[in-house]
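Q: this is a predicted model, with the sequence first.
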Amino acid sequence: MTRVIVEAGFGSTLADVVATGGNWTDITQYAGPISITRGAESQLSQTQAGTLSVRLTNLDGRFTPENVSSPYYPYVVDAVPIRVSIATYTTNLVRTPSFEGTPDGSLEGWTWGQATPEIVGTPVQSGTKAARVTWDTGAAGASFETAVYGLAVGTRYTASVYVRVPAGDVAARIRMGGITSAASAVNDTYTRLTVTFTATSVVMPLQVIPSTAPAAGDLVLVDAVQVEVGASATAFSPAGAQLHARFWGLINQWPVEWEGLYATVAITATDIFAVLSRAEDHMRPMLVQECLLSRPRALWALDEAAGSLSAGDEAGPGDAGTLALTQTGSGGTLEFGAGTAPLGLAGAPLFTPASSAAGKFLRGPAGPAFQAGSAGPWLCEAWFSTTTAGRNILSLSSVGLDSVLILYLAAGTGYLTVESRNGGPPTTTTVGSTSLADGALHHVVYSSAAQELYVDGVSIGSFLGIGPVGDLATVTVGASHLGGNLWSGSIAAVALYADASLLPAQLAAHHACGTTGFAGETAEERVYRIVSYMGLTSSATGVFSTGIAEQAALGSTSLDHLRDVEATEGGVLAADRGDPSVQLQGRSVRYNPLATLSVEWADVEPGRVLAYDLQRVVNGVVVTRPGGATQRLVNAASRAARGPIGRTVDTLATSDLVTADIGNWILQRYSAPRPELRALTVDIYTLGLTAYRQWLAADIGTPLVVTALPPQAPPTMAVTIEGYTETISENQHTLACHTSPTVTAAVWILDDPVYSVLGSTTRLGY
């Protein structure tokens, strides 16, 4: 049996789903045929944003925006999360019915509240695992539950759960469809609890609950969970249901349409690539993005253009305001963009005072959020460069100037020094024994919690002599709180954090970002980093060994920067179809793949073409990398036969050797045409449950074999799915796949009988 499930996240935002999973409403009963497109047209094309189209019946106006009578009001708006999945099952609709699976068992698909579950191996009712659930003391509303997918609205079902309650512990019940079972009546042995209910939704929770308020240590063992069609429980089936994600995205529009008086809404949605590719979202430099991950209360990058008179806060709340150019005495200059800046920033202000008491500096409000938070643990950080000791880097002060903290370089030595005062005489602590007035760029962080200082990403110790300060309302950059000891040199990327304790690894990452831009990290690491700046997550498959050059300046959309990483890796970037997440498939995944999916030619829909043309031929390639040679590589034989057919690949490779490898790999794969089955359409619903599940597991990059071809063609053809359009309707599910020949990714394996044939399969892969 199979069921399509369409759910909308009314009232949940993208951020909610990433953080907590969001809240989902089943709208399957209103959904008509579904069309989903994802992936690329060929192996030489980039994956595109996946799209969903589905028409919803709207007879009661529930999907009409701003309709106050809608049960979903006021959440029928743009950017509502939506997901589509398919449940397949034989008898039992529960996905993890007996907690088997991994060697330690599995709680996949189960959630809990005011309880602590664990997998145990004894005692069990079925298989080798059971769940032991310990209730919180006196917990009201405690539950251990699983969402059951694929129910048919209006159909009678029976839910059953075997429970075992130790003597003296609170009895257990189960609940589903608004019906609660009787309490378990036997102790120290498994007993079966059942409820029969009528499904009111395609997705409904099955709960195990305590019958009354539990005491300390009360627990219940749970095993052999089943939901089945019918008014009574039958023998337990350990073969659980499977849930197959088909699409996850955000709704773009709710257009209400009528045919006579019959109202529908033909919604469209786009996957997470739409968020990554928005043109207006040009990313700030990587150092700014890294700081924002640490949730600062104020952040001034200080990378404004030459001629600016103030610097803006980028932390997000917007309550810190700007740092304004301030004059003390006469003379001196402060030039934005002229100073030494961390890697990626366009520049930094250069402070050139007339003297230590005359010149220009920056001053502004630290903001109410930081001011209030400075009563507790707080941090500040900045980057600086100077050859002049005895000057102030940064000052923080209260409104009455009775609470002050100053970071400066000591006169004569250039050692980092902290001065603090709180209504009394100042406390001065000189830290370290290295002059920082050496003209080099340095990174400094002060943490009030441990009165600890970090220089260039490394802690130089805690200094308990630094006095406590708080109620810090004003920040002064390049001078004291009174406008003295004016800085001579550069200052950049000033940040303030409150109610926060940044881990040493985070502080080290800030320093590494500003000095190296994380040059050399691998593709999956860089993808994870860029995606995290967008508040999203990523996953990766494959073996990653190629270093990626720094992207410290960023400046374009996040998808543009991810594409650069994708091209360098030679892999495939795609949106996850089950979550708001990004997938990176490394190039190694496609090396000599073994197909686990096959289809006979007779099961492929008409319109099949065996192509042989120049469409995907490349015999000349230009490969670039930042700071390195632009290399042009040519397959002379192909060029002589067909004329020039070129391609340019811009990469983030870290060496000229890697760029040459990229170019040679492209020429090896595409310098000559080959017979290609570029598309195939299959009604996978008709193939039986086992094959249907295999096709539902197929995705971008899945290799498959087409068998029993006509006599005019090879007997079999191995292809890789590059993208597809699927259409789901009642008793039909077609996949129209774009495919590429798998053989193009064959690489040499030493002494292998297939991939080590001299002159034939001895191809060195990139």
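A: Thanks, I have the structure now. Numbers count the residues shown, from 1 in each chain.
Q: residues contacting stretch 20-36, please?
A: The contact list for stretch 20-36, computed with CB atoms under 8 Å, 6 or more residues apart in numbering, reads 3-13, 16, 50-58, 62-63, 72, 81, 83-84, 153, 201-203, 246-247, 264, 725-729. In short, each C-beta sits where N, CA and C put it, glycine included.
Q: count of neighbours near residue 661?
A: 18 (other CB atoms under 10 Å).
Q: you'd agree it is in a helix?
A: Yes - secondary structure of residue 661 (DSSP: H, G, I helix; E, B strand; the rest coil): part of a helix.
Q: which non-adjacent residue is nearest it?
A: residue 766 (4.6 Å; CB to CB, 6 or more residues apart in numbering).
Q: residue 568 is in contact with that neighbour, correct?
A: No - at 10.4 Å, residue 766 and residue 568 do not qualify as touching, with contact defined as CB atoms under 8 Å.
Q: between those two, which contacts overlap?
A: Joint contacts of residue 766 and residue 568 (CB under 8 Å, 6+ apart) are residue 662.
Q: who's more crowded, the two?
A: With neighbours defined as other CB under 10 Å, residue 766 and residue 568 compare such that residue 568 has more, 25 against 17.
Q: so which residue is smack in the middle of the protein?
A: residue 537 (1.3 Å; CA atoms, centre = their mean).
Q: dump the residue contacts of that one.
A: Counted by CB under 8 Å, 6+ apart, residue 537 has contacts 18, 528, 531, 579-582.
Q: show the average pLDDT along stretch 544-563.
A: For stretch 544-563, mean pLDDT is 96.
Q: just the buried ones out of the contacts of stretch 20-36, please.
A: Neighbour-count burial (16 or more other CB atoms under 10 Å) applied to the contacts of stretch 20-36 gives 3-10, 12, 50-52, 54-58, 62-63, 72, 81, 83-84, 201-203, 246-247, 264, 725-728.
Q: tell me which entries of those lie within strands.
A: 3-8, 50-52, 54-57, 81, 83-84, 203, 246-247, 264, 725-728 (DSSP state E).
Q: avg pLDDT for stretch 485-496?
A: pLDDT averaged over stretch 485-496 gives 98.
Q: swap that for stretch 239-252, please
A: Mean predicted confidence for stretch 239-252 is 96.
Q: ok, now stretch 362-382?
A: pLDDT averaged over stretch 362-382 gives 94.
Q: restricting to C-alpha, output that stretch in CSV.
A: This file holds the C-alpha atoms of stretch 362-382, laid out as CSV (Å, rounded to 0.1, in the frame of the first residue of the first chain):
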residue,chain,number,x,y,z
LEU,A,362,35.2,56.9,16.2
ARG,A,363,32.5,56.9,18.9
GLY,A,364,28.9,55.7,19.2
PRO,A,365,26.4,53.9,21.3
ALA,A,366,27.1,50.2,22.2
GLY,A,367,23.3,49.7,22.1
PRO,A,368,20.7,48.8,24.8
ALA,A,369,21.1,45.1,24.2
PHE,A,370,24.9,45.1,24.9
GLN,A,371,24.5,47.7,27.7
ALA,A,372,22.0,45.4,29.5
GLY,A,373,24.0,42.3,28.7
SER,A,374,27.3,43.8,30.0
ALA,A,375,26.0,43.2,33.6
GLY,A,376,26.9,39.5,32.9
PRO,A,377,29.5,37.8,30.8
TRP,A,378,30.6,39.8,27.7
LEU,A,379,33.3,39.9,25.1
CYS,A,380,34.8,42.4,22.8
GLU,A,381,37.1,41.9,19.8
ALA,A,382,39.0,43.9,17.3
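Q: next one: that stretch to chain centre, how far?
A: Relative to the centre of its chain, stretch 362-382 is centred 30 Å away, using CA atoms, centre = their mean, to the nearest Å.
Q: what do you get for stretch 283-292?
A: The answer for stretch 283-292 is 16 Å, by CA atoms, centre = their mean.
Q: go on, stretch 389-403?
A: 40 Å.
Q: mind listing what's buried along that stretch?
A: 389-398, 403.
Q: list just the nearest of those to residue 190.
A: Within the buried residues of stretch 389-403, the smallest distance to residue 190 is 63.9 Å, found for residue 396 (CB to CB).
Q: what sits against that closest one?
A: 366, 374, 380, 404-406, 469, 472, 474-476, 481, 496.
Q: and after the helix or strand that contains it, which helix or strand comes next?
A: Counting by DSSP states H and E, the element that carries residue 396 is strand 392-397. Where DSSP H and E defines the elements, the next helix or strand beyond strand 392-397 is strand 403-409.
Q: so what are the sheet partners of that next one and their directions?
A: strand 392-397 (antiparallel), strand 416-422 (antiparallel) (DSSP bridges).
Q: pull out the buried positions in it.
A: 403-409.
Q: quick one: the strands in the stretch 351-500 of the chain?
A: 359-365, 378-385, 392-397, 403-409, 416-422, 427-431, 442-447, 452-455, 458-462, 474-477, 489-498 (DSSP state E, counting those that start in this stretch).
Q: actually the stretch 101-250 of the chain, not the one I typed
A: Using DSSP E, counting those that start in this stretch, strands in the stretch 101-250 of the chain cover 110-113, 115-120, 130-135, 143-149, 156-164, 172-176, 179-180, 191-198, 203-210, 219-229, 242-253.
Q: export the fourth one to CSV, keeping only CA atoms.
A: So that's strand 143-149. Provided in CSV are the C-alpha atoms of strand 143-149 (Å, rounded to 0.1, in the frame of the first residue of the first chain):
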residue,chain,number,x,y,z
SER,A,143,4.6,11.1,26.2
PHE,A,144,6.6,8.8,24.0
GLU,A,145,5.2,9.0,20.5
THR,A,146,5.6,8.4,16.8
ALA,A,147,3.9,10.1,13.8
VAL,A,148,2.1,7.5,11.7
TYR,A,149,2.0,8.5,8.0
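Q: for it, buried residues please.
A: Neighbour-count burial for strand 143-149 [16+ other CB under 10 Å]: 143-146, 148-149.
Q: in CSV: the residues you listed, plus distance to residue 123 and pLDDT.
A: Below are the buried residues of strand 143-149 laid out as CSV (distance: CB to CB, whole Å; pLDDT from 0 to 100):
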residue, distance to residue 123, pLDDT
143, 22, 97
144, 17, 97
145, 22, 97
146, 21, 97
148, 25, 97
149, 29, 96
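Q: out of these, the closest to residue 696 would be?
A: Taking these together and measuring to residue 696 by CB to CB, the closest member is residue 149, at 13.5 Å.
Q: correct me, but the closest one touches residue 85?
A: Yes - the pair residue 149 / residue 85 is scored as a contact, 6.9 Å apart, by CB under 8 Å.
Q: identify the contacts common to the two.
A: 5, 243.
Q: and the strands paired with strand 403-409: which comes nearest residue 181?
A: strand 392-397 (61.5 Å).
Q: now the angle from the closest one to strand 378-385?
A: 160 degrees (axes from the mean of the first three to the mean of the last three CA atoms, to 10 degrees).
Q: helices of the stretch 551-700 of the chain, start to end?
A: 558-569, 636-642, 656-670, 689-697 (DSSP state H, counting those that start in this stretch).
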